[in-house]
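Student: Coordinates only, no sequence provided:
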């Protein structure tokens with residue numbers, strides 16, 4: 001999971017667009033894997049310059065069932 005968390009801050013927009021997707025997929029079945037990264041996902045959802053990255057990050061947060 002730490003590797004995927006690093007990809008949230010990659011310099012390539014395409015990588016950043018897809019990185020939250022692993023959190024979304026895992027969050028549906030194993031939210032305990034994603035919960036430690038909710039803060040990072042929230043930060044990306046609030047600050048990334050790319051709209052798609054922000055949307056995918058919010059989707060990952062929702063899939064884990066976080067109310068943050």
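Tutor: Cool, the structure landed. Keep in mind the model is a prediction, meaning the values are calculated, not measured. Residues are numbered from 1 along each chain as shown.

Student: can you pull the buried residues of stretch 15-25?
Tutor: By 16 or more other C-beta atoms under 10 Å, the buried positions in stretch 15-25 come out as 16-20, 22-24. Where C-beta positions appear, they are placed from N, C-alpha and C, glycine not excepted.

Student: quick one: which of these sit in helices?
Tutor: If you go by DSSP state H, the buried residues of stretch 15-25 have 16-20, 22-24 in helices.

Student: Nearest to residue 57 among the residues you listed?
Tutor: Distance to residue 57 across these (C-beta to C-beta) is lowest for residue 20, with 4.5 Å.

Student: So which elements touch the host helix or strand of residue 33?
Tutor: According to DSSP states H and E, residue 33 maps onto helix 31-34. Helices and strands touching helix 31-34, as assessed by 3 or more C-beta pairs under 8 Å, 6 or more residues apart in numbering; DSSP states H and E, comprise helix 13-29, helix 51-63.

Student: Same list, the ones you listed, but as a markdown table with distance to residue 39 and mean pLDDT please.
Tutor: A markdown table is the format used below for the helices and strands packed on helix 31-34 (distance: least, C-beta to C-beta, whole Å; pLDDT from 0 to 100):
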| stretch | distance to residue 39 | mean pLDDT |
| --- | --- | --- |
| helix 13-29 | 12 | 95 |
| helix 51-63 | 10 | 96 |
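
Student: now these as CSV including distance to residue 3?
Tutor: Formatted as CSV, those follow (distance: least, C-beta to C-beta, whole Å):
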stretch, distance to residue 3
helix 13-29, 10
helix 51-63, 15
